[in-house]
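> Attaching a predicted model along with its sequence, questions to come.
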Amino acid sequence: MEEKLSKLEEEIKNLNPDEQKQKLNEFMQTLNPEELNQIKQSQCVFCLIAQNKAQAKKVYEDDKFLGILDIRPANPGHVILFPKNHINFLSNLNEKDISDIFNIANKIGINLVEKLKAEGVNILVSSGLAAGQKLDHIAIHIIPRFKDDKISFEWQPKEINEEDLERIKNLIKVEEVKEEVKKIKKEKIDVENRIP
Ligand SMILES: [Zn+2]
C-alpha cells in the first residue's frame with residue numbers, strides 16, 4: 001500500500017490541481033475495500049490516537065475500546081469513547097461490543113458524578129450524518145452536566161396523530177430482542193426449577 005501511495009505521489013506532484021484530483025479519483029477506483037479502509041484509517045484522528053500516532057488524555061483503555069478527554073469539551077470532563085477499529089456506524093458493531101461500549105460509557109458516567117461531582121450525565125451517540133455524526137468513526141460522548149450549564153439538547157416537539165403513531169409503532173416494532181429476553185428469562189426459571 002505504501003509503495004502504491006509513493007508511486008502515486010511521484011506521478012501527481014508535477015500536475016496541476018485539477019489533474020491531480022482526477023488522478024487521485026482514478027487511483028481510488030483501483031483500490032480494494034481493504035486498501036480503502038487503510039487509507040481511511042490513516043486519515044482518521046480516532047484511529048491515529050488508537051495507534052498511538054496522535055496524543056490524547058486517555059481515561060479508559062482496553063484491547064478494543066478507548067476513552068479520551070474531548071479537547072473541545074461541552075463541559076470539562078467530556079469523554080469520547082470509541083472502538084479502536086475503524087467502524088463507521090454504531091450498527092456495524094457486533095452485539096457484544098455494543099453491550100460492552102455502553103457498559104464502559106455508564107462506568108465513565110458514574111466516575112463523572114462521583115469524582116467530578118457532576119449533577120447529571122448525557123450519554124450521546126450520533127450515528128449518521130443527519131444525526132450530527134462528524135467523523136467516519138463511531139463514538140459515544142459522555143458529558144458531565146451541571147445545573148444551568150447552558151448546554152441544550154432540546155427540540156421543538158412536532159404534532160402527530162394517533163393513526164401515524166400506530167402505523168410507525170407497527171413499522172419499527174422490534175421482535176427479536178424481546179424473544180431473546182424471554183429466552184433468557186425462561187432459561188433462568190428452568191435453572192431455578194431444576195431439582196438437584
Ligand atoms: Zn477511524
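Yep, that arrived.
> Against which helices or strands is the biggest helix by length in the chain packed?
Counting by DSSP state H, the longest helix found in the chain is helix 95-116. Judged by 3 or more C-beta pairs under 8 Å, 6 or more residues apart in numbering; DSSP states H and E, helix 95-116 is in contact with strand 58-61, strand 65-69, strand 79-83, strand 120-125, strand 140-145. C-beta: built from backbone N, CA, C; applies to glycine.
> Identify whichever of those strands lies nearest to residue 175.
Relative to residue 175, the nearest member of the helices and strands packed on helix 95-116 by C-beta to C-beta is strand 120-125, separated by 22.9 Å.
> Pairing partners for that closest one, with directions?
strand 140-145 (antiparallel) (DSSP bridges).
> Next secondary structure element downstream of the strand it pairs with?
helix 162-172 (DSSP states H and E).
> Which residues of the protein lie near the ion?
Counting by C-beta under 5 Å from the ion, the residues of the chain close to the ion are 44, 46, 47, 86, 137.
> at 8 Å what do you get?
40-41, 44-48, 50, 82, 85-87, 135-137 (C-beta under 8 Å from the ion).
> show me where pLDDT drops low in this structure?
For the chain, applying pLDDT under 70 flags the ranges 177-196.
> what packs against whichever strand or helix holds residue 10?
Secondary structure from DSSP H and E places residue 10 in helix 2-12. Helix 2-12 sits against helix 17-29, with contacts defined as 3+ C-beta pairs under 8 Å, 6+ apart.
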